[in-house]
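S.K.: Compute the structure for the input listed below.
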Amino acid sequence: MTASDVAAGRGADGEPTLDRSVTLFQITLYGLGSMLGAGIYGLIGQAAGQLGSAVWMAFVVSMIAAMLTGLSYANVVSRHPKAGGAAYVTQRAYGIPLLSYVVGLAVVCSGLTSIATQSNVVAASVQKLLGLTAIPVWILAFGFLLLIAGILLRGIKESMWFNVLCTIIEASGLLLVIAVSVSYWGTNPLIEFPPEASHNGELGTIAILVMQGAVLTFFSFIGFEDMLNVSEECKDASRNVPLAIILAMIGATIIYMAVAISAVSVMHYSELPSELALVEVVKRAAPWFPPIILSVVTIFAVSNTALVNWIMGSRLLYGMSKQGLMPPVLGKVHPTRRTPHVAILTLLVICAVLSLLGDIKALAQATVLLLLTVFTVVNVALIVLKKRPGEKPGRFEVPIIVPYLGAAVCATLIVVRLFQSGGFAAPAIAFGLIAVIAALYFVTGAGKDQERLQRFIAQEEAAEA
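M.R.: Numbering: from 1, shown residues only. As a prediction, the model looks like this:
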């Protein structure tokens with residue numbers, strides 16, 4: 001590939017390539033926005049019900065647990081900053097196309113359910129906020145999907161700046177909670193456990209309570225997998241993406257801890273509702289504040305989650321196409337906008353159909369199990385690559401104990417989720433999705449295009465030489 005090809009946005013084959021324009025600032029806010037979802041508004045109340053006023057401890061422990069896998073992803077991206085993300089590193093480590101295909105589509109499925117769910121949440125919120133009761137929710141949801149698709153098709157620059165706007169707004173909502181509550185800090189004790197669960201403060205029981213809370217709050221830090229898939233569009237990705245992963249997780253932890261302390265300071269933990277707890281906190285601490293603003297903040301937070309997941313899913317399909325695991329058309333890049341437009345439009349159709357299904361909570365729980373499985377596979381893949389002779393190290397390397405511990409934590413969470421998912425529906429759907437994805441692999445003949453795969457490998461080897 002010549003310098004003129006790079007400048008013109010073309011690959012070695014003369015085809016348009018993704019636009020490598022994302023800065024460290026943008027990718028950091030991209031990760032932070034992915035983590036600071038609207039779920040925190042209800043999560044605080046649920047976690048306080050388990051841990052009492054010591055809910056802030058759960059965020060510390062869950063951040064440490066999530067950071068293990070986050071550091072593994074940072075290590076992976078410093079070696080292989082590819083749009084295929086988890087599918088690419090799985091193929092690189094194991095050399096099993098079927099496994100890479102299942103891993104890639106499992107992550108895509110998690111994004112699809114999230115986008116479909118968020119579209120209905122935004123539609124219902126807008127309908128209530130603007131009094132548009134005459135317009136069906138499904139029409140508003142489809143309009144929302146068209147809006148996000150339009151932003152994504154416009155370009156990665158526009159998508160990232162929209163993400164920056166949404167992230168600043170959703171972070172401002174949480175910072176508002178902290179600002180109006182800081183004068184209450186110290187009002188209530190910060191280490192007080194529910195009497196029915198604390199058993200007179202026995203250390204072992206307290207440790208179990210904290211771990212249970214950490215399991216609940218662990219998913220607040222999921223977002224590093226989204227960052228991996230845009231690494232091919234980042235400037236100096238092998239340096240900036242690992243740094244952004246760490247900065248985003250630390251930033252999220254600080255905000256989460258401060259919000260948790262604020263919530264249990266303004267209201268006794270026993271008073272916090274399990275839903276929209278932070279809305280009640282603001283009503284108590286700042287009754288003068290218009291509640292409609294928090295509703296708007298929530299809409300932006302939910303919209304941001306949909307945007308991030310859509311970017312992730314489209315880049316995964318693009319990357320898998322380049323590996324020969326998906327049809328070549330999904331690897332097409334628009335010559336002017338430099339976006340994987342076919343992959344973006346494909347997801348639009350699928351998400352529109354899913355949004356019509358209404359409540360897909362069981363499907364969403366199932367894809368969480370799939371994500372944890374993917375995290376386990378990626379952690380083990382990094383171990384394989386670290387032990388393989390001749391593998392070129394990246395600019396950010398972690399000790400091999402990190403992916404070992406990351407895999408152990410994720411495997412443990414899979415077991416916990418199997419027992420906490422409220423029955424066998426979510427596990428059954430998860431296993432069913434894996435079976436369907438595996439069947440698609442054989443039906444579509446994915447991974448059989450050896451010529452395309454070998455060409456891709458040759459390009460990668462030339463780039464790493």
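
S.K.: Against I293, how distant is I169?
M.R.: For I169, the distance to I293 equals 10 Å [Cβ to Cβ, to the nearest Å]. For glycine as for every other residue, the C-beta is placed from the backbone atoms N, C-alpha and C.

S.K.: Comparing these two, which shows the higher neighbour count?
M.R.: For I169 versus I293, neighbours defined as other Cβ atoms under 10 Å are more numerous around I169 (18 against 13).

S.K.: Can you name the helix or strand that that one falls in?
M.R.: Using DSSP states H and E, I169 maps to helix 156-181.

S.K.: and V333, what are its phi and psi?
M.R.: Per-residue torsions, V333: phi -120, psi 130 (degrees, to the nearest 10).

S.K.: from what I can see it touches G155, true?
M.R.: No: V333 is beyond contact range of G155, at 11.2 Å (criterion: Cβ atoms under 8 Å).

S.K.: Name the residues contacting each of those two.
M.R.: Common contacts of V333 and G155 (Cβ atoms under 8 Å, 6 or more residues apart in numbering): T339.

S.K.: Between these two, tell me which one has more neighbours.
M.R.: Using other Cβ under 10 Å, the more surrounded residue of V333 and G155 is V333, with 21 against 17.

S.K.: So what pairs up with the closest residue to the more buried one other than its chain neighbours in the strands?
M.R.: Sequence neighbours aside, P16 is the residue nearest to V333 in space, at 4.2 Å (criterion: Cβ to Cβ, 6 or more residues apart in numbering). Beta-bridge pairing for P16 (DSSP bridges): R10.

S.K.: separation between P16 and L145?
M.R.: 25 Å.

S.K.: Looking only at neighbour counts, state which of these two leads.
M.R.: Between P16 and L145, L145 has the larger neighbour count (other Cβ under 10 Å), namely 25 against 18.

S.K.: my guess is that one meets A352, correct?
M.R.: Yes: contact criterion Cβ under 8 Å: L145 and A352 qualify, at 5.8 Å.

S.K.: Contact partners for the spatially most central residue of the chain?
M.R.: In the chain, the C-alpha nearest the mean C-alpha coordinate belongs to G223, at 3.2 Å (Cα atoms, centre = their mean). Under the criterion of Cβ under 8 Å, 6+ apart, the neighbours of G223 are G31, L32, G33, S34, M35, A248, A252, V308.

S.K.: With respect to A116, which of the residues you listed is nearest?
M.R.: Nearest to A116, judged by Cβ to Cβ, of those is V308 at 14.4 Å.

S.K.: just checking, that closest one touches L36?
M.R.: No: shown here, V308 and L36 do not form a contact pair, counting by Cβ under 8 Å, at 10.7 Å.

S.K.: Specify the helix with the largest residue count in this structure.
M.R.: helix 97-130 (DSSP state H).

S.K.: May I see the buried residues of it?
M.R.: Within helix 97-130, the residues scored as buried using 16 or more other Cβ atoms under 10 Å are 97, 99-123, 125-127.

S.K.: Let's see stretch 221-228 as CSV, backbone CA atoms only.
M.R.: C-alpha atoms of stretch 221-228 as CSV (Å, rounded to 0.1, in the frame of the first residue of the first chain):
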residue,chain,number,x,y,z
PHE,A,221,-18.5,-1.2,33.1
ILE,A,222,-19.2,-3.1,29.9
GLY,A,223,-18.2,-0.9,27.0
PHE,A,224,-14.6,-1.9,26.3
GLU,A,225,-15.7,-4.4,23.7
ASP,A,226,-17.4,-1.5,21.8
MET,A,227,-14.1,0.4,21.8
LEU,A,228,-12.2,-2.5,20.3
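
S.K.: can you pull the buried residues of the helix or strand where L316 lies?
M.R.: Using DSSP H and E, L316 maps to helix 291-322. Residues 294, 297-322 are the ones in helix 291-322 that count as buried (16+ other Cβ under 10 Å).

S.K.: what angle do it and helix 97-130 make?
M.R.: 160 degrees (axes from the mean of the first three to the mean of the last three Cα atoms, to 10 degrees).

S.K.: In the stretch 301-450 of the chain, mark out all the helices, start to finish.
M.R.: In the stretch 301-450 of the chain, the helices defined using DSSP state H, counting those that start in this stretch lie at 341-355, 361-387, 401-420, 425-444, 450-464.
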